[in-house]
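Asks: Here's my sequence, what's the structure:
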Amino acid sequence: MKNHYQLVLIDGSSYLFRAFHALPPLVTTKGYPTGAVKGVISMVRKLMSDYPDSHVVCIFDASGKSFRNEIYPDYKANRRAMPDDLRIQITPIFNIIRKMGIPLLSVEGVEADDVIGTLASQATALGMDVLISTGDKDMAQLVNEHVTLINTMTDSLMDETGVIKKFGVRPDQIIDYLALVGDSSDNIPGVPKCGPKTAERWLTEYQSITELIKNADLVKGKIGHNLRENQDQLLLSARLATIKCDVSLDCNVQDLKLESMDSPGLLEIFTELELRSWIEEFEDTSDKDNQKNTLDDIDYTIILTGDEFENWLGGLNHSLPLAVHLETTNENYMEAELVGLSFCQAQGCAVYIPLLHEYDGVPSQLSSEFIVKKLTVVLSEYQFVGHNLKYVTSILSKYGLAFNGSFDVMLASYVLNSIGSKHDIADLALQHLGLTKFQYSNNINNDRKQKSVRQLDIFDVGHYASELADIVLRLSNALRRALDEQLTLNQIMQDLEMPLLVILSRIERSGVLLDPALLEAQSNELKDRMYDLEQQAYQLADEEFNLGSPKQLQQIFFNKLNLPVLKKTPKGQPSTAEPVLQELALEYQLPRIILEYRGISKLKSTYTDSLPKQINAQTGRIHTSYQQAVTATGRLSSIDPNLQNIPIRTDEGRRVRKAFISGEGNVLVAADYSQIELRIMAHLSGDSGLVSAFNNDLDIHSATAAEVFGISLDDVKDSQRRRAKAINFGLIYGMSAFGLARQLNIPLNDAQDYIDMYFERYPGVKHYMDQVKKLASEQGFVETIFGRRLYLPEINASNFQRRQAAERTAINAPMQGSAADIIKKAMINVDNWIKVSSVDARIIMQVHDELVLEVKDPYKDEVMQALKEHMSSAATLIIPLVVETGSGKNWDDAH
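Replies: Residues are numbered from 1 along each chain as shown. This next block holds a predicted model:
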């Protein structure tokens, strides 16, 4: 197969729909869809990279009808109108392609296939080799010794041999093949009941539909009858399936040459569409005179002496906030050393104070002792703004500096729109300041890959750090204005997020004590269990294989054991993803074993093996990092290690929790909200049945079972309670009857009956769900009890699956988000109580709806009582918030 082609023809319309439907949705902070733009242009750029010496042409369908509609009015009649959120992406796609210098053709009254066929014909007549990039099977008829197809989704080439291998017929027989089988997407009728195998057999025997029609009387059975009755339809289908190779064009293939790329124009489009990775790529090649993309009028100073520091300090204004940025040696707050600080109080004027730069010829720097002494006063007298102030708080605390930031631009952005961006400085600068480039970032970022920041030039780092402080100050002004217009969100920022960051910093630095010997023993036990599962799997498969290899699982499951293929990967291979295995596990033993093996393997690698390695040598504890601006709903997440994902429903997962222990003379106290999301549902919906159940302190799942199954509470069986529990939690996550049926392994009709009975017994829940979806559709967001906004960019998507997913989120997000706000408020309440009480206690973990404290043993009862009081009062609902507490020497025993 050739590896060089003089001409590459891109079926842009094929790219357009594949990118839109196959890739996850992507929107700008203003809600403008960009997923198709990103997908199409990525595929085009990859193709150009793979074939850099080829001429490239993009061809798209024009709007309106073609000659095929004239000979068959129902041609493509069953196609839905193009979704609006795809249609509005066509113009930017066209603009980008043209600014890339690529010829783009869209001929009125002519389909893209026919333009491609014509250009391919012209090119081959000139002796050129042509590559057609498409996912359209119709194009196989164009394949010959000079024309090859490439499928960009699978990255596979198809020449004449490939056509025969895929379709069982030669390229010159593809038109007849398509005419026989028809095409539902184009509404080409074909011969009824004639499938690919029949078409292949007929064309192998008769070579063409012309000869087939001549011998139609020889074809037996119902299919023969269909052939004889639909000969005119067959010939019509052949005309419809034929790609024209002689359409009239205003240009010929020799005219279509790549032009020079318009980098500034591309940068402008990418900036508008917030395509950050491409902005960074193109900004270096753009004409900076054509775009103001950096800060102007800057005056950055490096402070090296005490006099310079005093002069700067004397010029500060106590009434204005001070932006701060730290340069450190490590992103891990426990390992990091402070190398320097930058401050900015007026736009364009910033200073950098180096402390620990070390290289030959480094200028003399102020001592850490001098700066710490001076900063003790400064930090108490000024309001500070910054980005990721939790990290700043943790670093400065290592030097005995008490720091209370007043405004974190990362958190402000997150509160305004949790899904609006990554909330890093670069994204925020682009979004709020229009900055596409930092003047001093490239050299520093490149040097940092080779050296520690301590080894980098003071003046280079100083200008870089000063610029960041300057940008943070400007961002704080912009984001304060935005929050001032949203009083409720401003209150969430000031009353929840800002106080919480200080608490989280303290929790992280406190850390959690581990028992590494216990984890090692558990790891060995898990290893033995994995070995046992491997042996069981080998026996069922009748051969040894790698249980962790999707490719080998595909071979065993679908080729050897002939298990049903439930779903395919984007590359067309049978999927062995977890949801597929869960469904197969309902009927087959081997998938059950694989699922258990995967779960144990993950537990071993992620926790029993890894946790001991993450113990800090100085403290003997693990120190996670809580991420305050990551999840869409406002919930906290944790990394290094991730404490949120330790399984609690398996014996193995609970045993991992036993390794989280208290220090000498201490106990762990755990406090967990009971059924908080269901309680929030009762509050939001006001459903009398749910409210009554909670107010009467009933077991909510048993109460639901009694309602749904029409029995008394005393008669509820365990199996009925389990089903009611699945319904309760399933519905608040927007689960469909299909999902419930799969989870409970019951018929679809039974699942739908359960849901219908549930809504009949709890009509307020159904009314709430309908209303929240309607409201979300109208305003584009939903809100928590506290007023936090959770945006839903796909709520009005024309694509049914994406819209339905957004509707499920609209139902659940207010509950998850409200639960997140409540636990945050509870942490603040509890922390405030600890400060004013005489107890020896500290919060050491927050996991889901649970707080874990390490407490001196004599205070445990007092702490448990206080936790119930301060956590249950974190929000006022129409039903009580119930908090369950426990204590023990380890986390598991505290439950």
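Asks: Next, the most far-flung residue of the chain relative to its centre: secondary structure please.
Replies: When each C-alpha in the chain is compared with the mean C-alpha position (Cα atoms, centre = their mean), residue 217 comes out farthest, at 58.5 Å. Following DSSP: H, G, I helix; E, B strand; the rest coil, residue 217 is assigned to helix.
Asks: give me every residue that touches it.
Replies: Applying Cβ atoms under 8 Å, 6 or more residues apart in numbering to residue 217 gives the contacts 224, 228. The C-beta positions use only the backbone N, C-alpha and C, and glycine is treated the same way.
Asks: Distance-wise, check it relative to residue 195.
Replies: From residue 217 over to residue 195 the distance is 22 Å, taken as Cβ to Cβ, to the nearest Å.
Asks: quick one, strands of the stretch 501-650 of the chain?
Replies: With DSSP state E, counting those that start in this stretch, the ranges of strands along the stretch 501-650 of the chain come out as 512-514, 621-622, 625-627, 637-639.
Asks: Looking at those strands, which is nearest to residue 647?
Replies: Closest to residue 647 of those is strand 637-639 (Cβ to Cβ; 15.3 Å).
Asks: Would you mark the buried spots in the following helix or strand past the closest one?
Replies: Counting by DSSP states H and E, the next helix or strand C-terminal to strand 637-639 is helix 651-658. The neighbour-count check on helix 651-658 (16 or more other Cβ atoms under 10 Å) flags 652, 653, 655, 656, 657, 658 as buried.
Asks: can I get those residues in TSV with distance to residue 185?
Replies: Output for those, formatted as TSV (distance: Cβ to Cβ, whole Å):
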residue	distance to residue 185
652	48
653	47
655	53
656	51
657	53
658	57
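Asks: For the residues you listed, give me a markdown table that also has pLDDT.
Replies: Converted to a markdown table, the buried residues of helix 651-658 look like this (pLDDT from 0 to 100):
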| residue | pLDDT |
| --- | --- |
| 652 | 84 |
| 653 | 83 |
| 655 | 90 |
| 656 | 93 |
| 657 | 94 |
| 658 | 95 |
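Asks: Show me this structure divided up by domain.
Replies: 7-255, 294-511, 513-622, 696-805 (automatic domain parsing).
Asks: Need the ones you listed in a markdown table (columns: mean pLDDT and distance to residue 647).
Replies: Formatted as a markdown table, these follow (pLDDT from 0 to 100; distance: least, Cβ to Cβ, whole Å):
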| stretch | mean pLDDT | distance to residue 647 |
| --- | --- | --- |
| domain 7-255 | 87 | 27 |
| domain 294-511 | 91 | 22 |
| domain 513-622 | 91 | 7 |
| domain 696-805 | 89 | 17 |
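Asks: Nearest to residue 846, out of these?
Replies: From the domains of the chain, taking Cβ to Cβ, the stretch that ends up closest is domain 294-511, at 7.0 Å.
Asks: measure residue 126 to residue 7 for me?
Replies: Distance from residue 126 to residue 7, by Cβ to Cβ: 9 Å.
Asks: okay, and the common contacts of the two?
Replies: What both residue 126 and residue 7 touch, as defined by Cβ under 8 Å, 6+ apart, is the set residue 253.
Asks: more neighbours, the two?
Replies: residue 7 (24 against 12; other Cβ atoms under 10 Å).
Asks: and that one, bridged to which residues?
Replies: For residue 7, the beta-bridge partners under DSSP bridges are residue 55, residue 130.
Asks: Could you verify my assumption that it touches residue 123?
Replies: Yes - if you go by Cβ atoms under 8 Å, residue 7 and residue 123 touch, sitting 4.9 Å apart.
Asks: anything in contact with each of those two?
Replies: With Cβ under 8 Å, 6+ apart as the test, residue 7 and residue 123 both reach 130, 253.
Asks: what's the closest of the domains of the chain to residue 668?
Replies: Ranking these by proximity to residue 668 (Cβ to Cβ) places domain 513-622 first, at 9.2 Å.
Asks: ends of the closest one, how far apart?
Replies: 7 Å (Cα to Cα, to the nearest Å).
Asks: gap between that domain and the chain center?
Replies: Between the centre of domain 513-622 and the centre of its chain there are 24 Å (Cα atoms, centre = their mean, to the nearest Å).
Asks: How about stretch 92-108?
Replies: 30 Å.
Asks: residues of it that come out buried?
Replies: 92-97, 99-100, 102-107.
Asks: so which of the residues you listed comes closest to residue 788?
Replies: residue 92 (31.9 Å).
Asks: For the helix or strand containing that closest one, give me every contacting residue.
Replies: Take DSSP H and E as the rule and residue 92 turns out to sit in helix 90-99. Outside helix 90-99, the residues within contact range by Cβ under 8 Å, 6+ apart are 12, 16, 34, 36-37, 40-41, 44, 58, 60, 104, 106, 261-262, 265-266, 269, 273.
Asks: State the distance from the residue nearest to residue 603 when sequence neighbours are not counted to residue 526.
Replies: In space, and not counting its chain neighbours, residue 603 is closest to residue 652: 5.6 Å by Cβ to Cβ, 6 or more residues apart in numbering. As judged by Cβ to Cβ, residue 652 and residue 526 stand 7 Å apart.
Asks: who touches both of these two?
Replies: Shared contacts of residue 652 and residue 526, counting by Cβ under 8 Å, 6+ apart, come down to 600, 603.
Asks: Going along the chain, name the helices of the stretch 201-350 of the chain.
Replies: Secondary structure of the stretch 201-350 of the chain (DSSP state H, counting those that start in this stretch): helices at 209-214, 221-229, 231-241, 263-272, 276-283, 306-314.
Asks: list the helices and strands the shortest one packs on?
Replies: Contact analysis of helix 209-214 by 3 or more Cβ pairs under 8 Å, 6 or more residues apart in numbering; DSSP states H and E lists helix 174-181, helix 196-206, helix 231-241 as its packing neighbours.
Asks: let's go with 7 Å and repeat that
Replies: When contacts are defined as 3 or more Cβ pairs under 7 Å, 6 or more residues apart in numbering; DSSP states H and E, helix 209-214 sits against helix 174-181, helix 231-241.
Asks: cool, the fifth one as well?
Replies: The contact analysis (3+ Cβ pairs under 7 Å, 6+ apart) places helix 276-283 against helix 263-272.
Asks: From the chain's centroid, how far away is the helix it packs on?
Replies: 25 Å.
Asks: again, but for stretch 632-651
Replies: That offset, for stretch 632-651, works out to 17 Å (Cα atoms, centre = their mean).
Asks: Also stretch 156-168?
Replies: That offset, for stretch 156-168, works out to 36 Å (Cα atoms, centre = their mean).
Asks: Now do the buried residues in it.
Replies: For stretch 156-168, by 16+ other Cβ under 10 Å, it's 158, 159, 160, 162, 163, 164, 167, 168.
Asks: Distance check, the second one against residue 92.
Replies: The reference is to residue 159. Taking Cβ to Cβ as the measure, residue 159 and residue 92 are separated by 35 Å.
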